[in-house]
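K.L.:
give me coordinates for this.
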Amino acid sequence: MIILGLVFVFQFGISCSCLAINRSKQTDVINASWWVMSNKTRDELERSFDCCGLFNLTTLYQQDYAFCTAICKSRSPTCQMCGEKFLKHSDEALKILGGVGLFFSFTEILGVWLAMRFRNQKDPRANPSAFL
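P.N.:
Numbers count the residues shown, from 1 in each chain. This is a model prediction of the structure:
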């Protein structure tokens, strides 16, 4: 019962933080992780999402766009920025994860309540003269 209560607190906090994170914080996280990852990983992301560069906020965007190998670059002169696609996907994923986490956290609190309610209930088939 105590462990389930601790899991509830942890899962409830994570679910609320998933639902509460705003777009600027998502942008900060995506921007920080983009410059940490290797060039190979960036190229794979650009090819799989069919986009070039992260955000058009810095002069590094032109360098990133010049080395882009996405298919959209050969079809048209401008490609959609990867940051916008990442934000769209992360926003959807955070809402789904937060909602599912909240649902299961409230079912866990129901489990804690049921455990507290029925933990000292005696077995009706037990011998009434027995101590326990």
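
K.L.:
only C-alpha atoms from now on, for both contacts and neighbour counts.
P.N.:
Noted.

K.L.:
lowest mean pLDDT among the helices and strands of this structure, which one is it?
P.N.:
helix 60-66 (a mean of 68; mean pLDDT, DSSP states H and E).

K.L.:
need the nearest residue in space to the residue sitting nearest the centre point of the chain, chain neighbours excluded.
P.N.:
Closest residue to the average C-alpha location of the chain: residue 94 at 4.5 Å, with CA atoms, centre = their mean. Excluding the flanking residues, the one nearest residue 94 by CA to CA, 6 or more residues apart in numbering is residue 18, at 5.3 Å.

K.L.:
what's the distance between that neighbour and residue 119?
P.N.:
If you measure residue 18 against residue 119 using CA to CA, to the nearest Å, the figure is 34 Å.

K.L.:
still on that earlier bit, in terms of contact, does the residue nearest to the centre of the chain touch residue 16 like I think?
P.N.:
No - with contact defined as CA atoms under 8 Å, residue 94 does not count as touching residue 16 (10.1 Å).

K.L.:
next one, pLDDT for the residue nearest to the centre of the chain please.
P.N.:
With respect to pLDDT, residue 94 has a value of 93.
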